[in-house]
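Participant: Kindly return the folded structure for what I paste below:
(chains A and B)
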Protein chains: 2
Amino acid sequence: LNDANWLVYSAIAYDCIYNDLSAAQRARIENGAFRPLCNYLTHDLKDWFNLIHNHGVWACAAVGMTGLAIGDDDMVQQALMGTDKNGKGGFMAQLNNLFSPDGYYTEGPYYARYALLPFYLFAQSLHINRPSLKIFDYRNRILEDAFYAAIQQTNTDGAFFPVNDAIKDKTYVTSEMVMALSIAFGVYGHDKSLFSIAEKQKKVLLNGNGLMLAAALVNTRNKISAFPYKTVEYTDGANGDEGGVSILRNGKTNSLSTLFFKYAAHGLSHGHYDCLNIILYDNGNEILTDYGAVRFLNIEQKDGGRYLPENKSFAMQTVAHNTVVVDETSHFNANEKEADKYNSEKWFSVFSNGTQAVSAVENNAYKNVKLHRTLITINDKEEKPVIIDIFNITSPQSHQYDLPFWYSGQLIGAGFSYHTYSTNQSTVGTANGYQHIWKEAEGKTDKGIATVSLLNGASFYSISALADTTTKLFFIRSGATDPSFNLRHEPGFMIRKQGGNQLFVNVIERHGSFNSVAETSSDSKPGIERIEVIINNESYTIAAITFRGNKYVIAISNKDNRNETKHTISIQDKPVKWQGPFYFLKTTIINNKN
Amino acid sequence: LNDANWLVYSAIAYDCIYNDLSAAQRARIENGAFRPLCNYLTHDLKDWFNLIHNHGVWACAAVGMTGLAIGDDDMVQQALMGTDKNGKGGFMAQLNNLFSPDGYYTEGPYYARYALLPFYLFAQSLHINRPSLKIFDYRNRILEDAFYAAIQQTNTDGAFFPVNDAIKDKTYVTSEMVMALSIAFGVYGHDKSLFSIAEKQKKVLLNGNGLMLAAALVNTRNKISAFPYKTVEYTDGANGDEGGVSILRNGKTNSLSTLFFKYAAHGLSHGHYDCLNIILYDNGNEILTDYGAVRFLNIEQKDGGRYLPENKSFAMQTVAHNTVVVDETSHFNANEKEADKYNSEKWFSVFSNGTQAVSAVENNAYKNVKLHRTLITINDKEEKPVIIDIFNITSPQSHQYDLPFWYSGQLIGAGFSYHTYSTNQSTVGTANGYQHIWKEAEGKTDKGIATVSLLNGASFYSISALADTTTKLFFIRSGATDPSFNLRHEPGFMIRKQGGNQLFVNVIERHGSFNSVAETSSDSKPGIERIEVIINNESYTIAAITFRGNKYVIAISNKDNRNETKHTISIQDKPVKWQGPFYFLKTTIINNKN
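Facilitator: Numbers count the residues shown, from 1 in each chain, chains lettered A, B, ... in the order given. Predicted structure coming up:
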């Protein structure tokens, strides 16, 4: 990989000085350095070169750009079509297979950022030297889609969603994204919506595209609007048939709420065992968190920057994510080969008038257990965004189901009693990531609902969980079994249920405001009043949420997800009719509480 | 206090509409509201009104400003001289007694901020209505000194040093500081060095001074330089004889390093038991931290915003600070009355050519134990700032001495072996704050030196401690015995020694750089090589630090702190002569390590 990196930049450099070199000098450089190294990549490392993987992109870019710089068309052909020139390897195959049809990169946005660099640099070289290829139009402009998909998978602060192995500091101001943005701006029609990002990057690529971008920025200064983050879904897999991700967004610029839902393929060797995981950003901050990777880039004392042991033993494990763990074992038993065989499947998604819903199913993470999660965001004009999270688990056998919510913020209050492990505490478990989690407190409730409230930045957030008297509630914190202090100590709230079929219903809401400097605080208590399960069977899951005097009824069809199917069901003795797999009704309760 | 607050603002409001009211309306308002309330303060709450305390300042401002607004000179006199008009209470006594001669406010900068509001508002009213008082010139411009002392006790991000009970979010953009700054700008000669702060405040006071400031800001835009933070010392006590604080600064604007050293009086009811405590800021971040107060302003679930129980049981206790705890009990046994009787004493301070040193002694915090701490900052041109911390403890009896360093950052490495409490952990102790601290790991060393390295922001930091084989080293974290989750979980490194006379020598250094986005990291290892104690007896403490090929020899005179005294002592068979209580010598070691 280092050789490929070196070649990419050396080819660019050589191209710049080519005209100033004598024939003898050229021969010496080409035969002494470029050809042997390229030969090494295409012969000695032939299998690696032909891999459909981000390392392979670097290799093809290296050989292809060298070929263009020294005028060797055979090298260019091998780079484009693989060493056997049959299209099974090479850049075109990579363009065909590493991205889904709408530009999602299967390793996730953190690695998309990394892969975009060789993709864009080689494409730019081809664009100039092989214009007939129309590389930037290839596969219905896949490189454009890939770039925008990466950007859409960032928070308002530019941080990439920490899907799979991801270092959370990485934002779109990295050098890879600077290069990709300058080129994309130039070749895809000078999109003004990129200005706010270019401004934060504070750099452009030193070429014609970069110059155009810089000039356009100067002319637009003070009138730059924020990047248009939007609700968007991406399929995964070369054919778009390996699940995907949904990003549900509500609100404007600074108060944007972003719910990320992953039901994609495993994501290769850097994949985490996190089927149906969610991450929530709000008001610019990460609220429900994903740990990301356990790694400190380039720090000598931290194994020189390599992935640390706790990356595998904690960060990759299911319990490090906001999704269900069955019997304290990770999805696919944390076996990469097994995980790579499958992907979750979208059940439906519905986007309408203030309400957005996505539903997905995972059938293979555990034997004989079906995981089915539906997320609904409600964005009433009069209210702050509310998320309803319905996680339905069915199995013929009894299991233990754990649903953690890892959060960022200060715990403000809990609506149930709990016992704190005050002077001595132990880990929640002994394996599969549980050995890295302290059990800080344990509680239960007889109120049917368990609420925790947090303060993060200028807002309060509450998570309210459907709970019966057998539901166990834990306050947990990462950082145990960590002999080299590699882990961050981050808090979580975990709900544990036991049984065969179990339904988790959670309501996540932002409320109130807090300003420590101005000493103001309002609405620190949540709006949730009640969570009811009306029906939960093989055919339907129907729940009702009472919230600030409104009642939201949500119905999910569990057996039939066709949009044309008409459903009729009796809810509280009233027949309710609807069409399609999802039904949502808001009613205002008269004389609420009075 | 609420009544006094209300009166201050109502008096201002009444003054604004006075001319538009009829005589009958005025009589109704004055006799119906102002006079009874003022009477309540000066008669019913007479003792409280006459208190020399920040609450008393509000009371005097309330009655005095009301007196000015309604034209009642007797009220103004009571406000200025106390209810008995003998000067034992009242605003003039407060100006005389609440500040030290150089403007230090005994409760610390967080409360100085709060007190400055009534001080400045009442002074401004007097300035206009009783110009002959020359209130802003009073006591050698004490209000000017108080304002600048508060500003100098902030970090570059504007946060007040969290001395005593302090909420760490508070910065100089609070409304109190906006008002004080506008007035100070107007009455004390339009100081341009305040522009950068006014710009961050984004507000001015709505009066003539504020208008002048706003106009000046507009004219200066884009040419505003940072506030000139400097090395400064303040005495404590009305007569300046109750110890004080030293703030040692090195470096420029963004990379400013600030070491705060407290050897002041206790600081009344909000005082912490933190004699000889230090706080370190560097590169804009707090590195060695002070917990501040346990309190969430105005949050209903957190006791409505009051000080929480853990404020007294943890945050006030000595072990929550970066200073020595003897036998696991806090200074003065955490008894406020006892603590209020005493103050630490400065032993010396020396500021010269790149080297700054401050030394202070505490004789009363523990019976028969003398605590003597000396801090030296070295700012060689070729090196990043280095702090040498020499904490000398003498006692005829054997004791356990704990010196914690609470830090902010990620632990990167430790230069000694330790045992981690991986799956089960307990508190470090059972009382005096120790019950709130988890013991995460315990270690020792036979190398004579124990180093821990941290990453904070873009820099590495190392703390290296003199350690013999009996020295115990702990990794600790706050957050135990916390049933309502009121505490933040913050890490620390604690050094424990046993004996009568014990010497702690610590070297704290910034080194290297880290950029996660650009993936660069350099010099993650510290420069420290060796810590030696050459002499430690009743008369002298002499230590030598070997650091990146330089040897620093530091000598402290323990018995005689007169500047004129000449000292001669044999160090490694060479006679060394110097004058005054402190001697510092840097030598470059030839052929270091080669």
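
Participant: Return the set of buried residues in the helix or strand containing residue A:127.
Facilitator: Secondary structure assignment for residue A:127, by DSSP states H and E: helix A:109-129. When burial is assessed from 16 or more other Cβ atoms under 10 Å in any protein chain shown, helix A:109-129 yields the following buried residues: A:109-127, A:129. C-beta coordinates here come from the backbone N, C-alpha and C atoms, glycine included.

Participant: got it, and stretch A:355-369?
Facilitator: Residues A:355, A:356, A:357, A:358, A:359, A:360, A:361, A:362, A:364, A:365, A:366, A:369 are the ones in stretch A:355-369 that count as buried (16+ other Cβ under 10 Å).

Participant: what's the span of it from first residue to last?
Facilitator: By Cα to Cα, to the nearest Å, the extent of stretch A:355-369 from end to end equals 29 Å.

Participant: how far out from the middle of the chain is it?
Facilitator: 16 Å (Cα atoms, centre = their mean, to the nearest Å).

Participant: Please see if the helix holding residue A:127 touches chain B.
Facilitator: No: Helix A:109-129 is not in contact with chain B by Cβ under 8 Å from any Cβ of the partner chain; minimum separation 10.5 Å.

Participant: Alpha carbons of that helix, in PDB - could you do that?
Facilitator: The C-alpha trace of helix A:109-129 is given here as PDB (Å, rounded to 0.1, in the frame of the first residue of the first chain):
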ATOM      1  CA  PRO A 109     -18.400   6.600   5.000                       C
ATOM      2  CA  TYR A 110     -15.100   6.700   7.000                       C
ATOM      3  CA  TYR A 111     -13.500   4.400   4.500                       C
ATOM      4  CA  ALA A 112     -15.400   6.000   1.600                       C
ATOM      5  CA  ARG A 113     -13.400   9.100   2.500                       C
ATOM      6  CA  TYR A 114     -10.200   7.200   2.200                       C
ATOM      7  CA  ALA A 115     -11.100   5.400  -1.100                       C
ATOM      8  CA  LEU A 116     -12.300   8.600  -2.800                       C
ATOM      9  CA  LEU A 117      -8.800   9.900  -3.100                       C
ATOM     10  CA  PRO A 118      -7.400   7.300  -5.500                       C
ATOM     11  CA  PHE A 119     -10.700   7.000  -7.300                       C
ATOM     12  CA  TYR A 120     -10.800  10.700  -8.000                       C
ATOM     13  CA  LEU A 121      -7.100  11.200  -8.700                       C
ATOM     14  CA  PHE A 122      -7.000   8.300 -11.300                       C
ATOM     15  CA  ALA A 123     -10.300   9.400 -12.700                       C
ATOM     16  CA  GLN A 124      -9.000  13.000 -13.100                       C
ATOM     17  CA  SER A 125      -5.900  11.600 -15.000                       C
ATOM     18  CA  LEU A 126      -8.100   9.500 -17.200                       C
ATOM     19  CA  HIS A 127     -10.500  12.500 -17.800                       C
ATOM     20  CA  ILE A 128      -7.500  14.500 -19.200                       C
ATOM     21  CA  ASN A 129      -5.600  11.700 -21.000                       C
END
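
Participant: tell me the average confidence for it?
Facilitator: Averaging pLDDT along helix A:109-129 yields 95.

Participant: Please pull up the helix or strand immediately following that helix.
Facilitator: Sequence order places helix A:138-152 as the next helix or strand after helix A:109-129, per DSSP H and E.

Participant: hmm, whichever helix or strand comes after that following helix touching chain B?
Facilitator: Counting by DSSP H and E, the next helix or strand C-terminal to helix A:138-152 is helix A:175-187. Yes: counting by Cβ under 8 Å from any Cβ, chain B is contacted by helix A:175-187 at residue A:175.

Participant: quick one, helix A:175-187 and helix A:109-129 angle?
Facilitator: 40 degrees (axes from the mean of the first three to the mean of the last three Cα atoms, to 10 degrees).

Participant: got the CA positions of helix A:175-187 in PDB?
Facilitator: Presented in PDB, the C-alpha positions along helix A:175-187 are these (Å, rounded to 0.1, in the frame of the first residue of the first chain):
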ATOM      1  CA  SER A 175      -6.900  16.000   2.400                       C
ATOM      2  CA  GLU A 176      -8.800  13.300   0.600                       C
ATOM      3  CA  MET A 177     -12.100  15.200   0.700                       C
ATOM      4  CA  VAL A 178     -10.300  18.500  -0.300                       C
ATOM      5  CA  MET A 179      -9.100  16.800  -3.500                       C
ATOM      6  CA  ALA A 180     -12.400  15.000  -4.200                       C
ATOM      7  CA  LEU A 181     -14.400  18.200  -3.700                       C
ATOM      8  CA  SER A 182     -12.200  20.300  -6.000                       C
ATOM      9  CA  ILE A 183     -12.500  17.700  -8.800                       C
ATOM     10  CA  ALA A 184     -16.200  17.100  -8.200                       C
ATOM     11  CA  PHE A 185     -16.900  20.800  -8.300                       C
ATOM     12  CA  GLY A 186     -15.000  21.100 -11.600                       C
ATOM     13  CA  VAL A 187     -16.400  18.100 -13.400                       C
END
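
Participant: which residues sit against it?
Facilitator: With contacts defined as Cβ atoms under 8 Å, 6 or more residues apart in numbering or on different chains, helix A:175-187 is touched by A:113-114, A:116-117, A:119-121, A:123-124, A:127, A:136, A:143-144, A:147, A:150, A:172, A:191, A:194, A:197-198, A:201, A:203-205, A:207-210, A:212-213, A:216, B:518.

Participant: Could you tell me the angle between that helix and helix A:138-152?
Facilitator: Angle, helix A:175-187 to helix A:138-152, by the same axes, to 10 degrees: 130 degrees.

Participant: now the helix or strand just after helix A:175-187, how far from the centre of its chain.
Facilitator: Using DSSP H and E, the helix or strand that follows helix A:175-187 in sequence is helix A:195-201. Remark: helix A:195-201 is offset 22 Å from the chain centroid, using Cα atoms, centre = their mean.

Participant: follow-up on the earlier one: which of the buried residues of stretch A:355-369 sits closest to chain B?
Facilitator: Using Cβ to the nearest Cβ, residue A:366 is the member of those that sits closest to chain B, with 25.8 Å.

Participant: so what's the closest one closest to, chain neighbours aside?
Facilitator: Using Cβ to Cβ, 6 or more residues apart in numbering or on different chains and skipping residues adjacent in sequence, the residue nearest residue A:366 is residue A:326, 4.7 Å away.

Participant: I figured residue A:88 hits residue A:50, correct?
Facilitator: Yes: counting by Cβ atoms under 8 Å, residue A:88 touches residue A:50, with 6.8 Å between them.

Participant: For the stretch 351-500 of chain A, which residues are neighbours of chain B?
Facilitator: Within the stretch 351-500 of chain A, the positions near chain B by Cβ under 8 Å from any Cβ are A:410-413, A:420, A:422-427, A:430, A:435, A:438, A:453, A:455, A:475, A:477, A:480-483, A:485, A:488-489.

Participant: Mark which of the residues you listed are buried, thanks.
Facilitator: Using 16+ other Cβ under 10 Å, the buried ones in those are A:410-413, A:420, A:425, A:427, A:435, A:438, A:453, A:455, A:475, A:477, A:480-482, A:485, A:489.

Participant: Quick check: residues of the stretch 201-350 of chain A near chain B?
Facilitator: A:296, A:297, A:298, A:299, A:300, A:301, A:302, A:305.

Participant: And for the second one, the neighbour number?
Facilitator: It stands for residue A:297. A count of nearby residues for residue A:297, using other Cβ atoms under 10 Å in any protein chain shown, gives 20.

Participant: how near is it to residue B:518?
Facilitator: Distance, residue A:297 to residue B:518, by Cβ to Cβ, to the nearest Å: 9 Å.

Participant: so where's the stretch 351-500 of chain A shaky on pLDDT?
Facilitator: Scanning the stretch 351-500 of chain A for pLDDT under 70 picks out the ranges A:382-383.

Participant: Look through it and state the residue closest to chain B.
Facilitator: Using Cβ to the nearest Cβ, the single residue of the stretch 351-500 of chain A nearest to chain B is residue A:413, 3.6 Å away.
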